[in-house]
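Chemist: Sequence and predicted model, in that order:
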Amino acid sequence: MKLLVRVIEARSLPAMDQNGSSDPYVRLKLGHQRFKTKVVKKCLDPSWCEEFSFKVEDLKEELVVSVYDEDKFFSDDFVGSVKIPVSSVFDTVDKSLGTSWYPLQPKKKSKIKDCGEILLTICFSQNNPQSDMQSQVESGTMSPARSSTASTMSSPLRSEELTAPTKEEKSNKEKLSGLISQIFNRNNELLPPSGNTKITELQEVPETDESEVSEDKTDDQSSSSSNFEELLKKLEEKDEGSEMPANLPGGVVLDQMYAVPPSDLNSFIFSSESNYLKQLADVQGSTDLQVGPWKFDPETGNLKRTLTYVKAPSRLIKALKAIEDQTYLKADGKCFSVLASVNTPDAPYASNYRVEIVTSISPGPELPSGEECSHLVVSWRMNFLHNTMMKGMIEGGARQGIKESFEQVGGLLSEKFKVVDVKDVGSEKEQALASLQVEKQSDWKLAVQYFANFTVISTILMGLYVVVHIFLAMPSTIQGLEFGGLDLPDSIGEVVVCGVLVLQGERVMHLISRFMQARVHKVSGDHGVKATGDGWLLTVALVEGTNLPTVDLSCLSDPYVVFTCNGKTRTSSIKFQKADPRWNEIFEFDAMDDPPSTLDVEVFDFDGPFDEAVSLGHTQINFVRSNISDLSDVWVPLQGQLAQACQSKLHLRIFLNNTRGSNIIKEYLTKMEKEVGKKIKVRSPQTNSAFQKLFKLPPEEFLINDFTCHLKRKMPLQGRLFLSARIIGFHGDLFGHKTNFYFLWEDIEDVQVVPATLSSMGSPVVVITLHPGRGLDAKHGAKTQDADGRLKFHFQSFVSFNVAHRTIMALWRARSLSPEQKAEIAEEESDDKNQQMLEDESSSIKSDDESENRSLQSEESGSFLGLEDVSMSVVYSSVLSAPSSFVMELFSGSELERRAMERARCVNYSTSPWECEKTDVYQRQTYYKFDISVSRYGGEVTSSQQKSRLADRNGWLVEEVTTLHGVPLGDYFTLHTKYQIEDQGSRSTGCKVVVYFGIAWLKSTKHKKKITKNIHANLQERMTIMFSTIEKEFVSGKKQIQT
């Protein structure tokens, strides 16, 4: 019997990629038989229309249909699956389930619950499958290509089944007789089913001699080996200029350069003809090495092969069989990248993880001898398919094993190729700067160029004229007020001439003085001054400028450039009388402990040693918003009225390097710990990556801490405040409205604390004021803006206000204050800091139970997960005798609402008035404390509520987002509640109330189940008390009216 499965289409698939789409395909499995469909690119409602046939040997088996999202670089993502027992198809009358939509089921612990649906046609075919397929082709329901594939079972995933001999093979006579009987009975529709199964099996598997199979295999291997270069060329033709894959987050285990072209190094490592794998197996002690041929995957178009070997035993683990799948991610003739996914099926917990290794080969810098150089980088990661308690131990053991393995790889490659020392070869930065040669010009040429103007020439001519006149003129007689040695002008004309000569001489002397000072300035510029120290090294190459404005009558300027970064300045030389100057000068800033945020660039016109320099234009390079690689050669437009009018630009080459690697992050956090007075742990690469994607930051940015808080604008907005070394950012997602912004620490002018008030829900407020004109991209998050353009941001309702305030102040001081300002502020707050330390010490010696929960509240191991769609479940449902208009009094801010909340043991309940957010949508804030009977920690609650009318129904929908303060792990989650209040109808005065709740986890913790269970029980009890109070009030009021 054969089971025919037609995969038609799917709908409403979830988006698995960051671009909001997916690349879905379908895998089908029945027993050991496997098939898969083509991949549909960037589609959430894909259509396949492909048919497959399975040989059914056991009716107890299940057909598993799984949908996956193709990932170009790493493991494919699981979307959902459906399981259909074969017996359910067989038990139907017509042996068919027809064409039906099947809902896709997610994994057990998946956050995505709605995985979409898939349309399948499933039926049995007991007649000749060839005729069935042919009829389907003729009717147009199946393509000829797919029909031939399905009828002959020639899928690559099942090729080994076709060629392998079976135990139930009949003799040649029986096979021949069976074939003849089928030929004569091909068109017989009433052929009895008995005894027909074996004949069908013979039709499925054609006769193949074992020697032919082995010969075909060897031919395939030899052809693949000899055609490795041809396969690479085909792969190069398909390359679309994509970038090299980034290094995996597990770390780099091999980073070395070799004196060999990249193509030759790639062939040595990955060619089937190379002896590299055998030599490496001998070095590492591996045995039973089997290397599969390189083949193109028809679905993905990538070049793949499979290796199997037995790894040598270690002290802790016995010898294990390893299966390594290698896939080319990129090959363009110069750059190569290969992903290896290693599986050790016999190892403990092997089904839970895969080891993924990316080997990248790229061209290195040119050697002094002119030879080519290759840069080899190997990175790795652990891809955990399922959660396991042994995750840390598995990852640690794998890290040590991979490190040792690639030390041996590096040793083997160093024997084959010459290792290139980085010190002997200039880096990309050095190569880019080596082409810059400072233009040498003699002082005489500069003087001629500078003094060749009308003022100087006319003054010289007038001076010569006067000197000649003195020699030719006779001495005049003494008259008037003259006396010996004093000769005064005798007429108005002589007075004018003397005045002109004096003015011209003064101007020439000013020019001479200016030239001499500029010459000194030119010689003493900062070009060529080498940087010192370790840390963040900033190198700026000033190449040239174009269309620089002028403020002189000569229509030319004497420009020079001043660079400022982290309070340090570098100044270029002066270029005389140039509108398009060319400097070719290099400036290096001493190593900085803090990563720089901005580089300020300003162009001045030199106007003498005692005159104030005139700014010709300015600009700012923002390292947070820019990619460092894009700054290696960039034209920067200048700002300012003069510069914008002339469209002035500077040609710069900027390089920012970190010489300490990851140690600089740990050192920076250690320095911040002393300021904050609290331990700060290094965040994981996954957390930092999520933080960078959230605010679109460069990869060198790292997260220091994050806090749950409210942003106070017209209405408080709940979200999270993120602090890094260079920015302070806020992200909020309330009722589907996302608020996302950040600004630099250098933009902050002042940080103040406003004491707690009723409007701030009893919480102190941190008010951050920016410098005038700064942070305009974050203007939508500011509460106010003063007349001078200063933006003010209000943050309140922190779970731990003291820790948040100390962290903000420490990072702000480190980035934007001068040493004098730091000392002054430290003096003012020393007493408060000591008092806080005493309070912290006294609170740390409370009861063991409280200290345990407090440690849970302050644990830093959880990683930020971000705000996603919350899964809601019903926590309360009831039909009340009161109408919806009366039940909505519970959300009106009235005395009835306050009384109901107090009965639900919510103390000090207060609300803000409802404010119209948009048409028929209103928002407000609530604040209350838990009674000691609810929580022994007390705790405060702030929430945002939004109400709107139900569409096409008479009722209301109230949504609420709640934050808990002062309870263990309160900053790890937010509580989402939805009240649906709907009238029953015209015949009834009552209404139906359904309350949903869900928890949005902001950080991961092992206490999720316990917290969810506790909140569910507490919320269910509170809802019962609240709505029973409302119903009793309505009934009692109704009786009073009747009496």
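Modeler: Received, thanks.

Chemist: Only C-alpha atoms from now on, for both contacts and neighbour counts.
Modeler: Fine.

Chemist: what kind of secondary structure is the residue nearest the centre of the chain in?
Modeler: The residue lying closest to the centre of the chain (Cα atoms, centre = their mean) is Lys693, at 2.9 Å. With DSSP: H, G, I helix; E, B strand; the rest coil as the basis, Lys693 sits in helix.

Chemist: For Gly397, grab the count of nearby residues.
Modeler: 11 (other Cα atoms under 10 Å).

Chemist: what element comes up after the helix or strand it falls within heading to the C-terminus?
Modeler: Per DSSP states H and E: Gly397 is located in helix 391-416. Next along the chain after helix 391-416, taking DSSP H and E as the criterion, comes strand 419-420.

Chemist: any residues touching that next one, and which ones?
Modeler: With contact meaning Cα atoms under 8 Å, 6 or more residues apart in numbering, strand 419-420 is reached by 256-259, 373.

Chemist: and what of stretch 920-934?
Modeler: Here stretch 920-934 has contacts from 715-716, 761, 905-917, 938-949, 1018, using Cα under 8 Å, 6+ apart.

Chemist: Show me these that map onto strands.
Modeler: Among the contacts of stretch 920-934, DSSP state E puts 716, 906-911, 915-917, 940-949 in strands.

Chemist: Just the buried subset of these, written out for ChimeraX, thanks.
Modeler: Only the buried members of these end up in this ChimeraX selection, burial being decided by 16 or more other Cα atoms under 10 Å:
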select :716,906,907,909,910,911,940,941,942,943,944,945,946,947,948,949
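
Chemist: one step back: enumerate every residue touching the residue nearest to the centre of the chain.
Modeler: No contacts exist for Lys693 under Cα under 8 Å, 6+ apart.

Chemist: distance of it from Lys1009?
Modeler: Here Lys693 is placed at a distance of 29 Å from Lys1009 (Cα to Cα, to the nearest Å).

Chemist: Please apply the same query to Leu638.
Modeler: Relative to Lys1009, Leu638 is positioned 57 Å away (Cα to Cα).

Chemist: The two: who's more crowded?
Modeler: The residue with more neighbours, out of Leu638 and Lys1009, is Leu638; 24 against 10, by other Cα under 10 Å.

Chemist: what residue ranges in the stretch 501-650 of the chain score low on pLDDT?
Modeler: 510-511, 513-532, 552-555, 607-613 (pLDDT under 70).

Chemist: Now do the strands in it.
Modeler: Counting by DSSP state E, counting those that start in this stretch, one finds strands in the stretch 501-650 of the chain at the ranges 536-546, 559-565, 568-571, 582-592, 598-605, 614-622, 634-637, 649-658.

Chemist: Tabulate those strands (JSON lines), appending mean neighbour count and distance to Ser125.
Modeler: Below are these laid out as JSON lines (neighbours: other Cα atoms under 10 Å; distance: least, Cα to Cα, whole Å):
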{"stretch": "strand 536-546", "mean neighbour count": "21", "distance to Ser125": "71"}
{"stretch": "strand 559-565", "mean neighbour count": "20", "distance to Ser125": "77"}
{"stretch": "strand 568-571", "mean neighbour count": "16", "distance to Ser125": "81"}
{"stretch": "strand 582-592", "mean neighbour count": "20", "distance to Ser125": "75"}
{"stretch": "strand 598-605", "mean neighbour count": "20", "distance to Ser125": "71"}
{"stretch": "strand 614-622", "mean neighbour count": "19", "distance to Ser125": "68"}
{"stretch": "strand 634-637", "mean neighbour count": "16", "distance to Ser125": "67"}
{"stretch": "strand 649-658", "mean neighbour count": "20", "distance to Ser125": "67"}
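
Chemist: Which of those sits closest to Ala756?
Modeler: strand 598-605 (35.4 Å; Cα to Cα).

Chemist: between that closest one and strand 559-565, how many degrees?
Modeler: 160 degrees (axes from the mean of the first three to the mean of the last three Cα atoms, to 10 degrees).

Chemist: hmm, who's touching strand 598-605?
Modeler: Strand 598-605 is contacted from outside by 550, 557-566, 613-624, using Cα under 8 Å, 6+ apart.

Chemist: mind checking the SS state of Ser21?
Modeler: For Ser21, the assignment made with three-state DSSP gives coil.

Chemist: and the gap between it and Val67?
Modeler: Separation of Ser21 from Val67 (Cα to Cα): 14 Å.

Chemist: ok, these two, which is more surrounded?
Modeler: Val67 (26 against 16).

Chemist: tell me the mean pLDDT for the host helix or strand of the more buried one?
Modeler: Counting by DSSP H and E, the element that carries Val67 is strand 62-69. Averaged across strand 62-69, pLDDT comes to 93.

Chemist: any idea how far Ala804 is from the nearest residue to Pro716 once chain neighbours are set aside?
Modeler: Closest residue to Pro716 apart from its sequence neighbours, by Cα to Cα, 6 or more residues apart in numbering: His710 at 5.7 Å. According to Cα to Cα, His710 stands 13 Å off from Ala804.

Chemist: Quick check: neighbours shared by those two?
Modeler: Phe798.

Chemist: neighbour count winner among those two?
Modeler: His710 (26 against 20).

Chemist: ok so that one is a strand residue?
Modeler: Yes: according to three-state DSSP, the state of His710 is that of a strand.

Chemist: From what I see, it and Phe730 are in contact.
Modeler: No: counting by Cα atoms under 8 Å, Phe730 is not a contact partner of His710; they are 9.6 Å apart.

Chemist: Need the overlap of contacts for those two.
Modeler: Residues touching both His710 and Phe730 comprise 719-720, with contact defined as Cα under 8 Å, 6+ apart.

Chemist: for this protein, which helix is longest?
Modeler: The longest helix of the chain (DSSP state H) is helix 1008-1042.

Chemist: and the direction of that one versus that of strand 906-911, what angle?
Modeler: 70 degrees.

Chemist: number of nearby residues for the nearest residue to Asp77 once chain neighbours are set aside?
Modeler: Nearest residue to Asp77, sequence neighbours excluded (Cα to Cα, 6+ apart): Asp69, at 5.0 Å. Counted with other Cα under 10 Å, the neighbours of Asp69 add up to 26.

Chemist: wait, isn't Asp69 in contact with Pro46?
Modeler: No: Asp69 sits out of contact with Pro46 when judged by Cα under 8 Å, with a separation of 11.5 Å.

Chemist: Could you pull out the strands in the stretch 301-450 of the chain for me?
Modeler: Using DSSP E, counting those that start in this stretch, strands in the stretch 301-450 of the chain cover 303-311, 320-331, 336-343, 353-363, 374-384, 419-420.
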